[in-house]
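Colleague: Below are the sequence and a predicted model for it; my questions follow.
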Amino acid sequence: MAALVIALPEEAEGILLYPIYLSGCGKVNATIATMKAINDGHKFIINYGSAGSVSDVTGLVEVTGYVDRDMDARALKCELGQTPFEDGIMIGNKGIVCGTGDKFATSKPEIACDIVDMEAYAIAKTCLKEEVAFRSFKYISDSADENSANDWEENVNKGNRLFKTMLYRGGFG
């Protein structure tokens, strides 16, 4: 059975039939929750959460690519987003790319991405390294601008309702 890794109780409210690992915000917390799910024997992780849009993406979307918007080792001759001594920048594929960082985004990041969050890249990388299947769905709650915090608060429940509908229709194992 799939396990859900979700940052906040508001995002997980009313979800039944799936084990839920509430991570809290940020990449470290997301990694810890993901490892707990994997250590409990789950071979398929679904991440759900809210995200800000830095493009024309709206609604509930499935993320296809992940970048770390905090990783800046250009002083070591790496590209923006590249972890030193590792190849590549993006996990996954182009399509809807999520830029993950520990800063709540109120503007477009320097790294190319469509949406921003605080957990998905860490979960994707953990699943990749642990050879666990992974999918991520994000509800666009705000436009990553000066109104983001208020917009998030106003919209987080809308995303929860849409995700639950998609989750139960999708029948994820």
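Modeller: That came in fine, so what should we check first?
Colleague: which ones are touching the residue most central in space within the chain?
Modeller: For the chain, the residue sitting closest to the mean C-alpha position, by CA atoms, centre = their mean, is residue 120 at 2.5 Å. Contact criterion CB atoms under 8 Å, 6 or more residues apart in numbering gives 30, 47, 49, 51, 63, 66, 98, 100, 136, 138 as the residues in contact with residue 120. In this view, the C-beta of every residue, glycine as well, is placed from N, C-alpha and C.
Colleague: In strands only, show me these.
Modeller: For those, membership in strands holds for 47, 49, 51, 63, 66, 98, 100, 136, 138, with DSSP state E as the criterion.
Colleague: number of nearby residues for the second one?
Modeller: The criterion is other CB atoms under 10 Å. On that basis, residue 49 has 29 neighbouring residues.
Colleague: how near is it to residue 74?
Modeller: Residue 49 is 29 Å from residue 74, where distance means CB to CB, to the nearest Å.
Colleague: try the first one
Modeller: According to CB to CB, residue 47 stands 28 Å off from residue 74.
Colleague: With the fourth one instead?
Modeller: Here the criterion is CB to CB. By it, residue 63 lies 25 Å from residue 74.
Colleague: Neighbour count for these two, which is higher?
Modeller: Each of residue 63 and residue 74 has its neighbours counted (other CB under 10 Å); residue 63 has more, 27 against 11.
Colleague: The more buried one touches residue 139, doesn't it?
Modeller: No - in this structure residue 63 lies outside contact range of residue 139 using CB atoms under 8 Å: 11.3 Å.
Colleague: now for the longest helix along the chain, which elements pack on it?
Modeller: If each helix of the chain is counted by residues according to DSSP state H, the longest one is helix 148-170. Identification of packing neighbours for helix 148-170 by 3 or more CB pairs under 8 Å, 6 or more residues apart in numbering; DSSP states H and E yields helix 9-12, strand 44-53, strand 60-63, strand 133-142.
Colleague: what is the orientation angle of it with strand 133-142?
Modeller: For helix 148-170 against strand 133-142, the angle by axes from the mean of the first three to the mean of the last three CA atoms, to 10 degrees is 140 degrees.
Colleague: No further queries at this time; thank you.
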